[in-house]
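J.: following is a predicted model, sequence given first.
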Amino acid sequence: MQWRVLIVFLVGLSFIYAISLFQDNPYPQPRIACETLESHLLFPRGTQKPNEVFVSVVGEYLYLTATWFEVGGAKHGRTQIKVGAVGLIRQFRRPFTPFVTLDCDAYDNNAWEEQFEHTLDGPISHVTSSPSGEPTDQLSDAYLTLMYHVVYGEEVTHMARVYFVGEEVARGLREDATPLFRYRDFILPGTTWIDSIVWYNGSVIYSRDPDDVRFRALTFNPRLFEPRYEYADAFKMGMGEKGEELQTHHTPRDTHFHQAKFSKLYSSRPNTLRVVSAEIFQTSEKLFFNISIVDNATTPAPADTSGGSTREAEGAGAGKGSWKRRDRITKYYMQDYEPSEYVGFMDYPSPYLRERVRMSVPKLNIASSLSATTVVIPINYIFLTLDYTTDIALIDTAATTRSQLYQDDAGAVLPELYLWSEDEQLPALEGNADVEISGVELNAEGNIVALRTQYNDIVIYKRGAADALVGPRRPPTIWELLDERLNIEESRDAPSENGGWEGEPIDTPARAIEAARALQWKLRMVVKGEWGGGVAGILSMKLWNATQPYDEYPSNYLLVVRSDGRLTSYHLESREPEYAPGLLGFVLRKWEMFIGMITVIAVFVFNEAQHR
């Protein structure tokens, strides 16, 4: 039996080779354009990390705004309203040009320059930013909105601080202004809890808990952002217009957790306010996701533009238009319970661990393009896309799920609608299972989306003009090659026999088919996270279009802010060097696993040699 040692050795190597063949080839990783040095970290270890971070670009500088919801000494209160806690906002900047060039070697790595540090009079409950784009794209409009709460004795006041870039700064009249961002404080009406707010393009949409309507809306006088009000006291907002009324069937029974977010949608129809709402309801057995689109016939009454010295923001009106629900999508997931004796390594009942499994709720996010014509809403491990169109023929294509047109009160068809694109499901990236989307960033044009998972992976999708370059593509796996050879599954990018695309009706116009295909997302790149805390967590992402008029192909960048303050920019039209597929690539990418497998094989070979 002198061949037994050799047989064991060859069987082990054959097993490793088979494993390498069945490994999924990794998706291309975008090329790192520039990265800050370790010596210039904003949030080093041992310091309190910010709750939210926002990145913006104004002129030749990149601005990073960090917010801490609760800082201070002794805190009293068990809810989000506390006494003794205050909110903190700090802003930094540095030159932006090196982060959107591929020649980072010439970068002198300037340290962050602090612009301001502001302390609020109460804790922050949530922060929202304007849709994708830059402050200079929305002159004298809200860029960052912070909701905070001030307690005076037995009274609580709900306030909003709005940061913006003044028109005189954005137009270059005060390019060297420090700080560049201005702010105004506003007192919101009412005393019940405000659990969501969005402030954009002259409209303020917020929701209360409890309330008998889904949300409330009011208009805003942009003249309050003028320099003459720079040192004014907080402005008091008037009462807003009631949104869609809540019905009994809108809330599932036994709901013990609810979360909502809103975003304004574009409408070409005058005097129309269109809103998309995303809500999560958690019951004892299920998680419900409810997404709906509503609009009204008129907007709230116009703001007071007299320019007087009143201390009240008269932008709130009492519009009398009736609200109509245009669309609604509801999805639900069953709660995942595990027998208590099998939770972790425990072998005794643990109701607390069962409760922790049940209480896991995904974070709700909404991302909008600059024009508010495209909205992306993640739901667990999938994401939905809403696209505005006036091309009614698109409802007949298989690329969308919209089949009912909008109508006004008289029954006349409106020449516009929002298409619900097919659900896109994130792939199970190697090493990670049960993927959940924890963050989303949509570019200003609405054709690139970056999705962050709980494992710090970033999955990048492209479509339309952003996907024009024949760039990085993932090599097919052995399973995909086998499916293609056996015709088990046809790609939706492949033409069908009738000249159209698979799944499309034969009589669908070719123009509508091409327009529908331009709305389909395609996974192009992945920035892989690391296990065991090897890479700091992700605080914020920002997509930036650096394409110039004379460029033949698009040039887009992804800016990523890590939890320690490190900033990295990725060029989305080029990629890092890749390992060759097969055994060599497997060894280089999975060398820890390879060493372990070789060790096991060596033990078996040694054992056979000793007992031969």
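T.: In hand now; what should we look at?
J.: got the residue ranges for the strands in the stretch 401-550 of the chain?
T.: 417-420, 424-425, 437-442, 448-453, 458-462, 522-527, 538-545 (DSSP state E, counting those that start in this stretch).
J.: so what's the nearest residue to Ala450 once chain neighbours are set aside up against?
T.: Of all residues not flanking Ala450 in the chain, Glu441 sits nearest, at 4.6 Å (CB to CB, 6 or more residues apart in numbering). For glycine as for every other residue, the C-beta is placed from the backbone atoms N, C-alpha and C. Going by CB atoms under 8 Å, 6 or more residues apart in numbering, Glu441 touches Ser132, Ala367, Val449, Ala450, Arg452, Met541, Lys542, Leu543, Leu558.
J.: report the contact partners of the residue nearest the centre of the chain.
T.: What sits nearest the mean C-alpha location of the chain, by CA atoms, centre = their mean, is Val440, with 1.6 Å. Val440 sits next to Asn365, Ile366, Ala367, Val376, Pro378, Phe383, Val449, Ala450, Leu451, Arg452 when contact means CB under 8 Å, 6+ apart.
J.: and Ile601, that one's in a helix?
T.: Yes: per DSSP: H, G, I helix; E, B strand; the rest coil, Ile601 lies within a helix segment.
J.: quick one: neighbours of it, just the number.
T.: Number of residues near Ile601 (other CB atoms under 10 Å) recorded here: 18.
J.: do the same with Gly411
T.: Gly411: 6 surrounding residues under other CB under 10 Å.
J.: give me the distance between it and Ser267.
T.: Look at Gly411 and Ser267: by CB to CB, to the nearest Å, they are 18 Å apart.
J.: so which bits of the helix or strand harbouring Arg325 are buried?
T.: Using DSSP states H and E, Arg325 sits in strand 324-334. Buried residues in strand 324-334, counting neighbours by 16 or more other CB atoms under 10 Å, are found at Lys324, Arg326, Asp327, Ile329.
J.: what about it, average pLDDT?
T.: Averaging pLDDT along strand 324-334 yields 82.
J.: quick check: neighbours of that strand in the sheet, parallel or antiparallel?
T.: The pairing partners recorded for strand 324-334 under DSSP bridges are strand 286-295 (antiparallel).
J.: quick one: mean pLDDT for the strand it pairs with?
T.: Here the average pLDDT along strand 286-295 is 88.
J.: got the CA positions of it in CSV?
T.: Listed in CSV are the C-alpha atoms of strand 286-295, where the atom choice follows Å, rounded to 0.1, in the frame of the first residue of the first chain:
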residue,chain,number,x,y,z
LYS,A,286,-44.3,40.1,10.8
LEU,A,287,-42.4,43.2,9.4
PHE,A,288,-44.6,45.3,7.1
PHE,A,289,-43.1,47.7,4.5
ASN,A,290,-45.6,50.2,3.1
ILE,A,291,-44.6,52.5,0.3
SER,A,292,-47.2,54.9,-1.2
ILE,A,293,-47.5,58.0,-3.4
VAL,A,294,-50.0,60.7,-2.8
ASP,A,295,-50.6,64.2,-4.2
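J.: what comes up buried for it?
T.: Buried, per 16+ other CB under 10 Å, within strand 286-295: Leu287, Phe288, Phe289, Asn290, Ile291, Ser292, Ile293, Val294, Asp295.
J.: widest-spaced pair of those?
T.: Leu287 and Asp295 (27.4 Å; CB to CB).
J.: tell me, how many residues neighbour Gln425?
T.: Neighbours around Gln425, by other CB under 10 Å: 11.
J.: please name the bridge partners of it.
T.: In this entry, Gln425 is beta-bridged to Ile382, by DSSP bridges.
J.: can I assume it is in contact with Asn380?
T.: No: applying CB atoms under 8 Å as the test, Gln425 and Asn380 come out as separate, 9.5 Å apart.
J.: which helix or strand contains the nearest residue to Ile187 once chain neighbours are set aside?
T.: Of all residues not flanking Ile187 in the chain, Lys236 sits nearest, at 4.6 Å (CB to CB, 6+ apart). Taking DSSP H and E as the criterion, Lys236 maps to strand 235-237.
J.: how far is the following helix or strand past that strand from where the chain is centred?
T.: If you walk from strand 235-237 toward the C-terminus, the next helix or strand you reach (DSSP H and E) is strand 241-242. Centroid separation for strand 241-242 versus its chain: 28 Å, with CA atoms, centre = their mean, to the nearest Å.
J.: summarise which helices and strands strand 241-242 is packed against.
T.: Packed against strand 241-242 by the contact rule (3 or more CB pairs under 8 Å, 6 or more residues apart in numbering; DSSP states H and E) you find strand 216-219.
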